[in-house]
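*Asks:* coords below, sequence missing:
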């Protein structure tokens, strides 16, 4: 329970931080947006329009209460004619991003767990060594390198997939999967090694505990030792590892979306940053941060609830 | 019938190697061992003697990082050194069982006790689950666990250390094995819990006629448990004899050194009236948990006060209050006639200099990155203001006082033995020219012979420089070697204090009596005598059976 | 000369000869990059930003790796890129390390409210993905080189802080630190003299990992067009600028990306070996 409150508090603090960073900017922010030859009147008008002349706290409360209802205000780009709300820009893209991340996770998680468990059980085997070398290599790979490498081989050399992952609301699932195959594969490659290594480490830690040795000396079979004595203690750290890595996946999405010109929140955010479209940047950052915090919170909670010491407190005693 | 004649276990020419940093070195060097049915063999030795490795080898098991290089292990005619894992698995738990030192770590935290206990007979198909459950309850009762019907429903962290140790003995007994390996089963326990676990183990071993190998570093404990003793050192056999014979007439001087500390005795000197430290109605708490309550005693100049208590008695908290790390919530401390500031930050340099501390673990008390000459030298410079040649000279004197060669000055702590490190700690305290040294369990982590050297050194230094000691310990044997007066603590209170002679030979408080009578003696039959004496004292002894108050003795969170 | 330098470096590293092959290769690669970065003006055939040919010229004797979208020599830019990208990453890492490391040690040694305040600030800063936070901050402050260094250093310092604090907490709980306090030594002396020597090995290993991470973050930001700004040569932006060539089967864009990968891998292998060595020493 206290974890939940803590998570919520973190979310509030982070949202305040995202807001503040932009709100407490030096005064020439409006000028920077409007360009050097803006008149003082235009600047003042802009400041009024964006609300920069009101107290920061009031603006924050207005913004966050809007955000909770899904209203992130107007994009700066709407000044040039047609009005565009941030929400309508983000919503379809957020679905796309979730789809891509989910697709990648569906491939990455089972793969990481299988390989991690295997390399922990067959420690120092060729499999384990390969996994170790792969991990060290893959944490050194920028997403864009993997992405272009895949593109080079699977689009240019062997035309299997698409280099542009352009999808829209009407794209049928099969084609959607085909078009997002490369971006998803990129995400799998950059996350799987790390996840695998952490799964391996948590299994090895459990296998080294005295109660596993005791289980062996009770004459139990290896299968029973793994299933009954190791797994109940290992799954909590594994699940928590996965949650943390899924959080990481959310970030990896940004670069990958740009490479494959995939209409997701990441690409939108990068665009908005270069145009300094503040409301959009804030909204995207809030969405990414919230997902990330929720994932970490889930990891925390899973760790806690699976600990027998907390499930069965000492006071419980004999009933 | 012919089987009874042949021994149950016969180990011949056993060699085991262990690996550290890629180098293999021998842990067990050519041991022969024979164990008959129903016999209890004690393996005794100091740290690094290879006794645990040998005990596990008797099961045909070597720890990861160890390998068996030569020898045979015949258990009931079958060579375990050459057996495949399937046949070993069939033996383990069913015919050979293991009881580990730390029951808290050896029980799986995720399952209830009963599930883990009955797992052995169920998996080995020696009985079905309901029968195994019933049998487990019987064993719990035999081992005098409280509430035997329901204690199995608990998780390991919900019962006390002594209870867990007995539950593990029950687990070992479930298949009525021919052989049980007990690996230091009472080492982690307080003496008053230890005696109960010892009694429980011995009664079930006798009841079922199980053969056992009992591994320990404590000669007094093993004397009560074993029919025959083997003394090991550096992986080799020193001496082997029936227990009574070995105690009465040890052939090797090394064997005699195993009870070196027991033989030390310091004649008690009454105070000459000058009081150095006076503690008056002191109380302290960690958060809302009260760790000290109404504690009053005094330390006379140039004398030793031994502060005795089990874990959770508040003796270490008292040391923290005296050094100024923990502020008391009531009462006061007077040092040299003046009130002592509560926090060490408020004490002036000379006060900090005069009260020094020596810790239990010399490994963590010395900065591993500093050379020992520097460790002592810094202290000389800080407190005496000596530099250059004068500092060097003083450091050399200190090395002489602690009987260490000055050549060691350039070494790092990791390059010294445990005893040498503890001597360096003593020198560091001494370098400040203190008047009071607080010694916190200073010999607990050391082997007997080394501990004896440290105790003798402390006594010699007191005679030479007249320093006072507050000697904190749970080990009654060392009290006789150092103390002038004794203070006994229990649950944050002083239950008895007086001169050493009075407290040790004629204790008045019931807890002190119990504590003193629980300390194992190197006498065959001591345990029987104590147990029969206790059961004579009637239901009281049963009523405050260790289980009840040891679970109430949660050590405070640091 | 470079051979003498290499052998000297290897010797200075102490025991590098006994290092695993991968770590040795890693060391050589690192030295090679350092030489490129230091000697860029001497090695590069053309200046960093000069327009010396047509757009996207193919590989030739004049332009070994062709030219970029403005007609600048790609090889020269690759060499100058070493200097810019590595230099910035190094400066950022060192800045992050000194601040994060020192504050981490202070938090561990002082404990109490100092630790609480510092740790809570770090918690909040770390509650957001680093790249996302960097994007927000760069929107607010604009992407100048100085801003880039300060922002990434600040964000990375939080990770260093966590590690330094955790390692130092283990040390601070040991009796020798308590003993030093009871002698009346001050906090600064305890941090620098008692604690610091015991936390160096894990921190040095972390230095390598953090460098990789910073280096990859800066490259990623540059790739996204919000890191190092043109016309400065930088590997991340070079990938972005020439990315279109990939579709025509030209591997040129993979070269700067490969340069990033190679250095990151080299550092990682050396760090891995160092960690192994440090953990071996402890036993």
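*Replies:* Happy to help now that I have it. Because the structure is predicted, anything quoted here is derived from the model rather than measured. Numbers count the residues shown, from 1 in each chain, chains lettered A, B, ... in the order given.
*Asks:* The stretch 151-300 of chain B against chain A: which residues are in contact?
*Replies:* Contact residues (C-beta under 8 Å from any C-beta of the partner chain) of the stretch 151-300 of chain B with chain A: B:151, B:153-155, B:157-158, B:171. (C-beta placed from N, C-alpha, C; glycine too.)
*Asks:* Please, where are all the helices along the stretch 351-500 of chain B?
*Replies:* B:362-365, B:372-384, B:388-401, B:418-431, B:448-465, B:476-482, B:500-505 (DSSP state H, counting those that start in this stretch).
*Asks:* Next, the residues that contact the longest one from outside, please.
*Replies:* In other words, helix B:448-465. B:46, B:257-261, B:264, B:266, B:302, B:304, B:401-403, B:417-419, B:422-423, B:426, B:430, B:433, B:439, B:442-443, B:446, B:467-469, B:478, B:481-482 (C-beta atoms under 8 Å, 6 or more residues apart in numbering or on different chains).
*Asks:* What ranges does the stretch 51-200 of chain C have for its helices?
*Replies:* In the stretch 51-200 of chain C, the segments counted as helices under DSSP H, counting those that start in this stretch are C:74-110, C:112-126, C:130-141, C:145-172, C:175-182, C:187-189, C:196-223.
*Asks:* about what we covered before: with mean pLDDT and mean neighbour count added, can I get the helices of the stretch 351-500 of chain B in a markdown table?
*Replies:* A markdown table is the format used below for the helices of the stretch 351-500 of chain B (pLDDT from 0 to 100; neighbours: other C-beta atoms under 10 Å in any protein chain shown):
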| stretch | mean pLDDT | mean neighbour count |
| --- | --- | --- |
| helix B:362-365 | 92 | 22 |
| helix B:372-384 | 94 | 21 |
| helix B:388-401 | 93 | 16 |
| helix B:418-431 | 94 | 24 |
| helix B:448-465 | 92 | 18 |
| helix B:476-482 | 88 | 22 |
| helix B:500-505 | 90 | 17 |
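*Asks:* measure the closest residue to residue A:259 other than its chain neighbours to chain B for me?
*Replies:* Excluding its sequence neighbours, the residue lying closest to residue A:259 (C-beta to C-beta, 6 or more residues apart in numbering or on different chains) is residue A:147, at 4.2 Å. From residue A:147 across to chain B, the span is 42 Å (C-beta to the nearest C-beta, to the nearest Å).
*Asks:* cool, residue A:238 as well?
*Replies:* For residue A:238 relative to chain B (C-beta to the nearest C-beta), the value is 14 Å.
*Asks:* Check that residue and give its pLDDT.
*Replies:* For residue A:238, the model assigns a pLDDT of 84.
*Asks:* contacting residues around it?
*Replies:* By C-beta under 8 Å, 6+ apart, the contact list for residue A:238 reads A:113, A:116, A:199, A:202-203.
*Asks:* Buried ones among those residues?
*Replies:* A:113, A:116, A:199, A:202-203 (16 or more other C-beta atoms under 10 Å in any protein chain shown).
*Asks:* quick one: which of those sit in helices?
*Replies:* Among the buried ones among the contacts of residue A:238, DSSP state H puts A:113, A:116, A:199, A:202-203 in helices.
*Asks:* For those residues, work out which two are farthest apart.
*Replies:* By the measure C-beta to C-beta, A:113 and A:202 form the most distant pair in these, at 10.8 Å.
*Asks:* show me where pLDDT drops low in the chain?
*Replies:* Using chain A here. For chain A, applying pLDDT under 70 flags the ranges A:1, A:23-37, A:47, A:49-53, A:78-82, A:308, A:310, A:313-319.
*Asks:* wait, chain C
*Replies:* Using pLDDT under 70, the flagged stretches of chain C are C:1-18, C:278-283.
*Asks:* Spatially central residue in it, please.
*Replies:* Nearest to the geometric centre of chain C sits residue C:211, at 2.2 Å (C-alpha atoms, centre = their mean).
*Asks:* cool, and chain A?
*Replies:* So for chain A, C-alpha atoms, centre = their mean, it's residue A:250, sitting 2.1 Å from the centre.
*Asks:* do the same with chain B
*Replies:* In chain B, the centroid-proximal residue (C-alpha atoms, centre = their mean) is residue B:187; its distance is 5.1 Å.
*Asks:* That one contacts residue B:216, correct?
*Replies:* Yes - between residue B:187 and residue B:216 there is a contact under C-beta atoms under 8 Å: 6.8 Å.
*Asks:* what residues does chain B put near chain C?
*Replies:* For chain B, the residues in contact with chain C (C-beta under 8 Å from any C-beta) are B:20-21, B:323-325, B:344, B:347, B:349, B:352-353, B:356-357, B:359, B:361, B:364-370, B:379, B:382-383, B:428, B:432.
*Asks:* ok, then the element right after the helix or strand where the residue nearest to residue A:259 lies?
*Replies:* Assigned by DSSP states H and E, residue A:147 falls within helix A:143-151. With elements assigned by DSSP H and E, the helix or strand that comes after helix A:143-151 is helix A:173-179.
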